[in-house]
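Novice: generate a structure from the sequence data that follows.
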Amino acid sequence: MNWKEKSRGGKLNLNINAHIGCLGKFSERYVPDGYFSEINFDKQLEIMSKIDGLTGLAVWYPGHPLIDKPDRLAKKLADYNLRVADIGPDIWSDKKWKYGTLSSHDDKIRKEAIKITKYTMDLAVELNAYSVLVWPAHDGFDYVFQADFKRGWDNLIDSLNEIGSYNKNVKIAIEYKQKDPRAKSYIEDMGKVMLLIKSLDVDNIGSALDLGHSFFANERPAESLALLDKYKKLYQIHLNDNYRDADPDLLFGTINFWDTLELFYWLSKTNYDGWLNIDTVTGRDDRGKMLELAVKLIKDYERLAGKLNKYSDIIDENLKNHNFVDNMKLIRELVFVEK
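Specialist: Purely as a prediction, here's the structure:
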């Protein structure tokens, strides 16, 4: 088959953001004080502003620098040619959340988590953020005979219905994760987050696709993305990598090449207009260089996906016929053969 006769255009060029944790100190279990000294907020923004292609910052409430003064935060970011991309409630870093937040059986705890999330939604409007990330980090369990599963899920559903109803113009992205910090999370994979979303009475709640969490759950990330796009529930994309056995937030695009390329191919076929969020931890390497490399790798995968998208008629026809060999012959030539 003459591949050129079937080619057509297609290109990804999405906005890219990061969070200040990418330039953080990174304590770990064996070296609690981390391997680096702290970098102050202005210096972090200066580093980000010098990285070509990085234009946004993901923030959280409470605890993020200047988040209590959103007008000053917006001006500060503008001084460095950055803007708020997404925002999320911090309902994970305080010990009071240890038995859960939105699923908690303690009405006081659950109401406080809902209140923080609602205020974060107000901040999202004020800061013109694309969406609000809700990570129910402690909503889960560690042992058998520890959790009341039905009550926990009922509380999750009720809490999210209240949150979604507060402002139906704000997109809420639920972040699923198999485990950590709890041994098992209620919302551990794509199937459960879709079940949760379909159980709600509001339409403005969708999901974040965290690439590392998808690998960790032993999913095919492209399939997860395709399903979220099918139901119009893809609200955020977080980019990192791992060996499918944990979630260390390693540098995006460096381990699972083919799965990542397939993800970007399917992304190029969507109308997703949100941000690509770099969500990496740099424990030992130069933090600024790692962040810059992450942006370059995103652009590389976008470019490769664009090459594939030009031949999407052929690739998609092969998909219909389960024709793996011809697809890989074409994709191999597009990726590896110099012309």
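Novice: now do the phi/psi pair for the closest residue to residue 228 other than its chain neighbours.
Specialist: Closest residue to residue 228 apart from its sequence neighbours, by Cβ to Cβ, 6 or more residues apart in numbering: residue 234 at 3.9 Å. All C-beta atoms are positioned from the backbone trio N, CA, C, and that covers glycine. For residue 234, the backbone dihedrals (degrees, to the nearest 10) come out as phi -90, psi 100.
Novice: residue 234: neighbour count?
Specialist: 23 (other Cβ atoms under 10 Å).
Novice: how far away is residue 294 from residue 73?
Specialist: 23 Å (Cβ to Cβ, to the nearest Å).
Novice: which one's more surrounded, these two?
Specialist: Using other Cβ under 10 Å as the criterion, residue 294 and residue 73 rank with residue 294 on top: 28 against 21.
Novice: got the contact list for that one?
Specialist: Neighbouring residues of residue 294 by Cβ atoms under 8 Å, 6 or more residues apart in numbering: 18, 22, 239, 251, 252, 253, 278, 280.
Novice: got the residues you listed as TSV, with pLDDT and secondary structure columns?
Specialist: Formatted as TSV, those follow (pLDDT from 0 to 100; DSSP: H, G, I helix; E, B strand; the rest coil):
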residue	pLDDT	secondary structure
18	98	strand
22	97	helix
239	98	strand
251	98	coil
252	98	coil
253	98	coil
278	98	strand
280	96	coil
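Novice: what's the nearest residue to residue 254 if we skip its chain neighbours?
Specialist: residue 241 (5.5 Å).
Novice: what about the one you found, neighbour count?
Specialist: With other Cβ under 10 Å as criterion, residue 241 counts 23.
Novice: kindly report the same for the one 3 residues further on.
Specialist: Applying the criterion other Cβ under 10 Å, we find 16 residues in the vicinity of residue 244.
Novice: in terms of helices and strands, where is it?
Specialist: Here residue 244 sits in a region with no helix or strand, counting by DSSP states H and E.
Novice: and it, what are its phi and psi?
Specialist: Backbone torsions of residue 244, given as degrees, to the nearest 10, read phi 70, psi 10.
Novice: leaving out the residues flanking it, which one is nearest to it?
Specialist: Leaving aside its chain neighbours, residue 244 sits nearest to residue 215 (4.9 Å; criterion: Cβ to Cβ, 6+ apart).
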